[in-house]
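# Build me a model from this:
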Amino acid sequence: MKKKDAFGQTHPLVSFLYYVLVIGISMFCLHPAILLLSLVSGMLYAVRLKGFKAVMKMNLKFLLPGMLVVAVVNPAFNHYGVTPLLYLNNGNTVTLEAIVYGLALALVLAISLTWFTTYNVIMTSDKFIYLFGRLIPASSLILSMVFRFIPKFSQQLQVVRNGQKSIGRDASNGNLWQKLKHALTTFSIMITWSLENAIDTADSMKARGYGLKGRTAFSLYRLDRRDKGLLCWLTLTSLLFFWSWWSGSLYVSYNPQIIISGWPLTFSSFSGIFAFLLLANLPLFLGLLEDYQWRKLTKTVTNQTNLPYYFTTGGFSHETSEHRKF
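From the prediction side, this is the model:
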């Protein structure tokens, strides 16, 4: 995490329920307004967590190529729809409905990857174990270990590659045969490291008494007043959205023809879109509120020159107002 985030400090139940609602709605409600809102909200929150450069790198490396593949493959292999645009040599047609549905699926792919990027930052392994450790102890432990192993494996791989590169034995050095040999050497090192890491983890778990009857787990998470208020926020906004969706105001169909309800806006469709806007941007609202409170606090401390400590950009100074007169 680039910096401490207000939403990341909430109760695990709040964070998990939020991601279930946002990702679930984005995957099953294919209304264009909902998809665009979800994508923009996810991008803004990802920028806040990881920085603009990291998000742009992810977009150029994974999102845009993946979206392009999905958008092209769907109309190439699916020929449903009543609006043909062109005819292929084999007699199949490329329809407007297939193209639009391919674009919708591409947006769903981008939304899922974006939100899961922020999910991996907010929902750490200890939060996941806290929520599901008693319900599914073995499965929750395995999932948390898998989620932890992937970034740890990537970091260790980078360390090994840097070491191999310093002695001229990286996969980018030499001819084709030497590159394959160096890549196999790096792969062998990583397999050995993975096995040793698994043994160390098993010994550590045994030493800590994992699996013993009556063993308890320590947790700092408490459902306070703020978390209860956030749960009410999630409940109200999601209920308002589902009411609008189930009433047919956000109905959309791409086969056999494109039908998008909710335009022009009615009270029901506007309520659903606005409710999802409030739901999806909850972490951003919390972060902006925290930034405002922090700026207000620092401004108040700076203006109170009669305090024994005053706040500066470099930290707290021990000079008083009398010292500063000279």
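# Please count neighbours and contacts with C-alpha atoms only from this point.
Noted.
# now for the one helix or strand Thr192 maps to, which elements pack on it?
If you go by DSSP states H and E, Thr192 is part of helix 176-207. If you count contacts as 3 or more Cα pairs under 8 Å, 6 or more residues apart in numbering; DSSP states H and E, helix 176-207 packs onto helix 137-166.
# Relative to the whole chain's centre, how far out is the helix it packs on?
Offset of helix 137-166 from its chain centre (Cα atoms, centre = their mean, to the nearest Å): 19 Å.
# Could you pull up the mean pLDDT of that helix?
Average pLDDT, helix 137-166: 78.
# other SSEs contacting that helix?
Secondary elements touching helix 137-166 (3+ Cα pairs under 8 Å, 6+ apart): helix 125-132, helix 176-207.
# And the helix holding Thr192, what's buried?
Neighbour counts over helix 176-207 (16 or more other Cα atoms under 10 Å) mark 179-183, 185-186, 190 as buried.
# and Asn281, how many neighbours does it have?
Neighbourhood size, Asn281 [other Cα atoms under 10 Å]: 19.
# How about it, nearest residue that isn't a chain neighbour?
Ser41 (5.9 Å; Cα to Cα, 6 or more residues apart in numbering).
# Against Tyr87, how distant is that neighbour?
Going from Ser41 to Tyr87 by Cα to Cα, to the nearest Å gives 38 Å.
# more crowded one of these two?
Higher neighbour count among Ser41 and Tyr87: Ser41, with 22 against 11, using other Cα under 10 Å.
# What does the pLDDT read for that one?
For Ser41, the predicted pLDDT is 95.
# For it, give its distance to Val22.
10 Å.
# overlap in contacts of the two?
Shared contacts of Ser41 and Val22 (Cα atoms under 8 Å, 6 or more residues apart in numbering): Ala280.
# Now for the closest residue to Leu96 other than its chain neighbours: which residues touch it?
Sequence neighbours aside, Thr83 is the residue nearest to Leu96 in space, at 5.6 Å (criterion: Cα to Cα, 6+ apart). Contact criterion Cα under 8 Å, 6+ apart gives 95-97, 257 as the residues in contact with Thr83.
# what about the protein, any weak spots by pLDDT?
Counting by pLDDT under 70, the low-confidence segments of the chain come to 1-4, 134, 136-141, 144, 147, 211, 214-218, 304-326.
# by how many degrees do the helix holding Thr192 and helix 137-166 diverge?
140 degrees (axes from the mean of the first three to the mean of the last three Cα atoms, to 10 degrees).
# Could you point out the helix or strand that follows helix 176-207?
Following helix 176-207 toward the C-terminus (DSSP H and E): helix 225-246.
# elements contacting whatever helix or strand comes next after that next one?
Using DSSP H and E, the helix or strand that follows helix 225-246 towards the C-terminus is strand 252-253. Packed against strand 252-253 by the contact rule (3+ Cα pairs under 8 Å, 6+ apart) you find strand 259-260.
# Can you name the residues in contact with the strand it packs on?
With Cα under 8 Å, 6+ apart as the test, strand 259-260 has contacts from 31, 250-253.
# hmm, try it at 10 Å
By Cα atoms under 10 Å, 6 or more residues apart in numbering, the residues outside strand 259-260 that reach it are 30-32, 97, 249-254.
# Show the contacting residues for Pro65.
By Cα under 10 Å, 6+ apart, the neighbours of Pro65 are 59, 71, 106.
# Just the element for the residue most central in space within the chain, please.
The residue lying closest to the centre of the chain (Cα atoms, centre = their mean) is Thr118, at 2.2 Å. Thr118 is part of helix 96-122 when elements are defined by DSSP H and E.
# buried set for that helix?
Buried, per 16+ other Cα under 10 Å, within helix 96-122: 96-119, 122.
# How about stretch 282-297?
282-285, 287.
# do the same with stretch 239-246
Residues of stretch 239-246 classed as buried: 240-245 (neighbour count, 16+ other Cα under 10 Å).
# thought Gly272 was touching Ser238?
Yes. The criterion here is Cα atoms under 10 Å, and Gly272 meets it with Ser238 at 8.8 Å.
# which residues touch Gly66?
Counted by Cα under 10 Å, 6+ apart, Gly66 has contacts 59-60, 106-107, 109-110.
# before we move on, back to that, and the buried residues of stretch 282-297, which two are furthest apart?
Pairwise distances across those (Cα to Cα) peak at 8.7 Å, for the pair Leu282 and Gly287.
# continuing past the helix or strand harbouring Gly42, what's the next helix or strand?
Applying DSSP H and E as the criterion places Gly42 in helix 32-50. Where DSSP H and E defines the elements, the next helix or strand beyond helix 32-50 is helix 52-58.
# Let me know the angle separating whichever helix or strand comes after that next one from helix 96-122.
Downstream of helix 52-58, the next assigned helix or strand under DSSP H and E is helix 64-77. Angular relation of helix 64-77 and helix 96-122 on a 0 to 180 degree scale: 150 degrees, by the same axes, to 10 degrees.
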